[in-house]
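[1] I need the structure of the sequence given here:
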Amino acid sequence: MLQIAYIRENKDEVVKRLAKKNLDAKIAIEEVIALDEKRRATQAELDTIKSESNKLSKDIGDLMKSGEKAKAEILKEKSVQLREKDKELTEVLNAFASKLQEELYKLPNLPADIVPEGKTPEENLNVFQEGEIPKLHEGALPHWELAKKYDLIDFELGVKITGAGFPVYKGKCAKLQRALITYFLDKNTDAGYLEYQVPHMVNEASGFGTGQLPDKEGQMYHVGVDDLYLIPTAEVPVTNIFRDVLLNENDLPVLCTGYTPCFRREAGSYGAHVRGLNRLHQFDKVEIVRIEHPDNSYQALDGMVEHVKGILQELKLPYRILRLCGGDMSFASALTYDFEVYSTAQERWLEISSVSNFETFQANRLKLRFKDKEGKNQLAHTLNGSSLALPRVLAGILENYQTPEGIVVPEVLRKYTGFDIIN
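    Residues are numbered from 1 along each chain as shown. A predicted model of the protein is given here:
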């Protein structure tokens, strides 16, 4: 979340920058500042009372030692009154602090200066494109038809077992899926990321820590009896490893990677663009997470972008990179690059990765800090990226690598699959 001291000192700038995310935050910011002023005034009054109470305790002790019990009893009555006032003000202070925290949780992160203006995905900025779009043979099929032709994915069986959006992968496709996961993890660990296996459910504190709550509560599956949430991405449990952690500056950067299934309700999603693997309720994803010194986080973001580019170059898939406009950015992000692979059979771009810098937004919620060289505690910067999300990568491979003889397996994956064609 945003830091209240920064909001207080840069009110107009905060309102202006949040407007880039299509949020008129003027009233909300005024309310936050007013709550903070009440909280600070209450804290000052409470500090004064505590100081008076401490002085009284000392004076009472001195009077008792000198045998002046009558005077001491008078001061004791005053001390009781101060303790009652202390209790009342503490309750008021806690109420103000709780309300202030609640309002701060509702404010999205400030977009970076280079985030383009815009309200819709059509206004995202194409900053890079690479790879030749293959010319498919006559009669080429979209991936859901290929899945049926070669008995690779059973969408109807998923409906029977669970519901729509929960496909069943079979045979060579299941092995190709596993090959992609292993390949992605190998690429990440070879680049210095430490692999983690993490829980697939998180508690409420973890959801708030990375900004999924309260913003995306309606998109997360909630296990009500135990008050746990199925994870929408490995970013949530992996980043929360460092909740309430104080690192040393020489511990930075921290590089993590992990594979998990991901669960998203995708409420309101419908139409032709959600067919097949295009949008699912359960899917697999390999994630990378970095904890960085604030001075280095944007250089690290560029490095993450290059890392994902390298994977797509090896897969030989045509892709492009978009710098998201303010209106298409996530709640927690300061700057996001989306990777999209071209689906030749569908003749459209499919998002396969988001790489983002959250600056101190998540770290402030997580209380993730590091001790700098001067011994002062500073908030770290957090970053994360898909490396990669599997369904649309798989869709791109099935469609772009199809031939009249079958679906060719990308060369880089063959040592993992043990076969070079699906037919």
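[2] ok, Pro391 touching Leu277?
    Yes. Under the criterion of CB atoms under 8 Å, Pro391 lies in contact with Leu277, with a separation of 3.9 Å. Every C-beta, even on glycine, is put in place using the N, C-alpha and C of the backbone.
[3] give me the common contacts of those two.
    Common contact partners of Pro391 and Leu277 (CB atoms under 8 Å, 6 or more residues apart in numbering): Phe283.
[4] tell me the contacts of Trp144?
    By CB under 8 Å, 6+ apart, the contact set of Trp144 is 153, 155, 275-277.
[5] confirm that it sits in a helix.
    Yes. Per DSSP: H, G, I helix; E, B strand; the rest coil, Trp144 lies within a helix segment.
[6] list the residues that contact the closest residue to Gly131 other than its chain neighbours.
    Nearest non-adjacent residue to Gly131, counting by CB to CB, 6 or more residues apart in numbering: Pro318, 3.4 Å away. Shown in contact with Pro318 (CB under 8 Å, 6+ apart): 129-134, 341-342, 344, 400.
[7] now Gly310
    Residues in contact with Gly310 (CB under 8 Å, 6+ apart) are Lys187.
[8] is Trp386 in a bridge, and if so with what?
    If you look again at residue 386, you'll see it is Ser, not Trp. With DSSP bridges applied, Ser386 shows beta-bridge pairing to Glu287.
[9] how many other residues sit next to it?
    When neighbours are defined as other CB atoms under 10 Å, Ser386 has 25 of them.
[10] measure it to Asp154 for me?
    According to CB to CB, to the nearest Å, Ser386 stands 25 Å off from Asp154.
[11] equivalent analysis for Phe331, please.
    Taking CB to CB, one finds Phe331 at 35 Å from Asp154.
[12] quick one, what contacts Leu383?
    289-290, 292, 297, 300-301, 304, 355-358.
[13] with Gln197 instead?
    Contacts for Gln197 (CB under 8 Å, 6+ apart) come out as 258-259.
[14] can we see that at 6 Å?
    Counting by CB atoms under 6 Å, 6 or more residues apart in numbering, Gln197 makes contact with nothing.
[15] then Trp349?
    Taking CB under 6 Å, 6+ apart, one finds 340, 342 in contact with Trp349.
[16] please spell out which residues along the top helix by length along the chain are buried.
    Scanning the chain for the helix with the most residues, using DSSP state H, yields helix 26-65. Using 16 or more other CB atoms under 10 Å as the burial criterion, the residues of helix 26-65 that qualify are 28-29, 32-33, 35-36, 38-39, 42-43, 46, 49, 53, 56, 60, 63.
[17] now the helices: where do they sit in the stretch 301-423 of the chain?
    Secondary structure of the stretch 301-423 of the chain, counting by DSSP state H, counting those that start in this stretch: helices at 361-366, 390-400, 414-417.
[18] looking at those, which is closest to Ser206?
    helix 361-366 (9.2 Å; CB to CB).
[19] as JSON lines, the contacts of Pro318 with neighbour count would be great.
    Formatted as JSON lines, the contacts of Pro318 follow (neighbours: other CB atoms under 10 Å):
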{"residue": "Gln129", "neighbour count": "13"}
{"residue": "Glu130", "neighbour count": "12"}
{"residue": "Gly131", "neighbour count": "16"}
{"residue": "Glu132", "neighbour count": "8"}
{"residue": "Ile133", "neighbour count": "12"}
{"residue": "Pro134", "neighbour count": "17"}
{"residue": "Val341", "neighbour count": "25"}
{"residue": "Tyr342", "neighbour count": "21"}
{"residue": "Thr344", "neighbour count": "20"}
{"residue": "Asn400", "neighbour count": "25"}
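[20] adding distance to Leu185 and mean pLDDT, write the helices of the stretch 301-423 of the chain out as TSV.
    Listed next are the helices of the stretch 301-423 of the chain as TSV, based on distance: least, CB to CB, whole Å; pLDDT from 0 to 100:
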stretch	distance to Leu185	mean pLDDT
helix 361-366	23	97
helix 390-400	12	96
helix 414-417	11	98
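[21] could you redo those as TSV and give each row distance to Glu117?
    Output for the helices of the stretch 301-423 of the chain, formatted as TSV (distance: least, CB to CB, whole Å):
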stretch	distance to Glu117
helix 361-366	21
helix 390-400	27
helix 414-417	43
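[22] between the ones you listed, which one is closest to Met220.
    helix 361-366 (16.3 Å).
[23] and the closest one, how far from the chain's centre?
    From the chain centre to the centre of helix 361-366 is a distance of 11 Å (CA atoms, centre = their mean, to the nearest Å).
[24] who touches it?
    1, 3, 109, 209-210, 243, 332, 379-380, 382.
[25] so which of those is the closest to Met220?
    Among the contacts of helix 361-366, Thr210 lies closest to Met220 (CB to CB), at 11.6 Å.
[26] any idea how far Pro318 is from that closest one?
    Separation of Thr210 from Pro318 (CB to CB): 32 Å.
[27] same deal with Leu100?
    Taking CB to CB, one finds Leu100 at 48 Å from Pro318.
[28] what's the answer for Leu75, then?
    Using CB to CB, we find Leu75 at a distance of 82 Å from Pro318.
[29] go on, Ala332?
    In terms of CB to CB, Ala332 sits 30 Å off from Pro318.
[30] next: Val14.
    Taking CB to CB, one finds Val14 at 40 Å from Pro318.
[31] how about Gln212?
    For Gln212, the distance to Pro318 equals 32 Å [CB to CB].
[32] then Phe370?
    40 Å.
[33] now swap in Glu31 and tell me
    Distance from Glu31 to Pro318, by CB to CB: 48 Å.
[34] what do you get for Gly171?
    With distances taken as CB to CB, Gly171 is found 27 Å from Pro318.
[35] what residue ranges in the stretch 51-200 of the chain score low on pLDDT?
    Within the stretch 51-200 of the chain, no stretch falls below the threshold (pLDDT under 70).
[36] likewise the stretch 251-400 of the chain?
    In the stretch 251-400 of the chain, residues with pLDDT under 70: 267-273.
[37] can you give me the strands in it?
    Applying DSSP state E, counting those that start in this stretch to the stretch 251-400 of the chain gives strands spanning 254-263, 282-292, 319-323, 335-343, 348-359, 369-371, 377-379, 381-389.
[38] okay, the ones you listed, which one's buried deepest?
    With neighbours taken as mean count of other CB atoms under 10 Å, the strands of the stretch 251-400 of the chain reach their highest mean count in strand 381-389, at a mean of 26.
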